[in-house]
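**Student:** Can you look at this prediction? I've put the sequence above it.
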Amino acid sequence: MSFNVCGGVCRHGEVATTARFVAKVATRRGVGVVLLQELCYTQFRRVRALLARRGFSGRFEAQTQSPACANDDPRHGTGFGVAVLVRGHISRSVVDHLPTSPGLEHRVLLGVTATIAGRPTFVAGVHLSPSPPETLREQLQAVERFVGSRAGHPVIVGGDFNTLPGDPALGPMFARFTELDETRAGNPEMGDRPTYAAKKIDYVFLSQFVEPQASTVVTAMSDHRVYLGSALTPGAG
């Protein structure tokens with residue numbers, strides 16, 4: 001599950017209803033990986049608490065500070081950024097700082113290692129810059145380099161990439177990984193299930209998984225749809 005929560009502009013930092021919605025979708029859909037973007041730390045903390053009842057662990061990394069977010073944590077303050085939650089124990093976590101143009105919101109790749117479907121798996125979440133185009137290209141290259149070295153093992157990397165499926169800069173990701181929408185589309189570059197208005201800008205890329213399936217949930221909670229999917233381990237089913 002990948003979801004741009006729009007926790008500042010759309011939700012104005014509200015915690016209880018926002019977190020309850022995220023946790024409900026994750027629980028009802030039986031997902032094992034949750035990738036969240038545009039999330040206040042206080043919202044993340046509540047999502048983590050709700051999903052902990054289902055055996056989830058989570059990590060958060062701020063990309064900026066937002067006045068919409070509550071300032072009630074000495075470490076994160078009004079932190080606003082990305083989160084990764086997985087069902088099970090996180091053995092390692094890493095933050096890779098992506099190239100960002102001066103004056104723009106800082107961008108990161110947040111990664112964790114956990115056991116997914118019985119296998120150690122690297123899971124990463126991103127929210128890339130919508131502009132300028134050269135910065136987005138540099139960030140895509142950095143993401144591909146960072147996770148590409150792990151592609152011989154199970155990898156899940158997703159989030160709001162802020163670009164369309166036909167962007168040539170996404171080519172290396174499509175070449176190395178399978179995207180959740182690929183089976184429906186029949187052509188990875190044309191996997192265009194809308195995730196934001198009438199556009200697809202949210203993705204989940206996989207390695208060492210097969211038979212991906214994708215769907216979306218429209219919600220008034222955010223300007224993005226919830227992007228959901230499933231995949232099998234090779235030889236399963």
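**Tutor:** On my side now, so go ahead.

**Student:** In the chain, which helix is the longest?
**Tutor:** Ranked by residue count and defined by DSSP state H, the top helix of the chain is helix 133-148.

**Student:** lowest-pLDDT helix or strand in the chain?
**Tutor:** helix 182-185 (a mean of 65; mean pLDDT, DSSP states H and E).

**Student:** can you list contacts of the longest helix of the chain?
**Tutor:** Residues outside helix 133-148 that contact it (CB atoms under 8 Å, 6 or more residues apart in numbering) are 96, 98-101, 104, 107, 109, 111, 122, 124, 126, 128-130, 155, 157, 161-163, 169-170, 172-173, 176-177, 205. No exception for glycine: its C-beta is placed from N, CA and C like everyone else's.

**Student:** re earlier: which strands and helices sit next to the helix or strand following the least confident helix or strand of the chain?
**Tutor:** Once helix 182-185 ends, the next helix or strand along the chain (criterion: DSSP states H and E) is strand 202-207. The contact analysis (3 or more CB pairs under 8 Å, 6 or more residues apart in numbering; DSSP states H and E) places strand 202-207 against strand 2-4, strand 155-160, helix 171-176, strand 178-179, strand 226-232.

**Student:** so who does the closest residue to residue 158 other than its chain neighbours touch?
**Tutor:** Leaving out its chain neighbours, the residue that sits closest to residue 158 by CB to CB, 6 or more residues apart in numbering is residue 204, at 3.4 Å. Neighbouring residues of residue 204 by CB under 8 Å, 6+ apart: 2, 35, 156-158, 179-180, 214, 227, 229.
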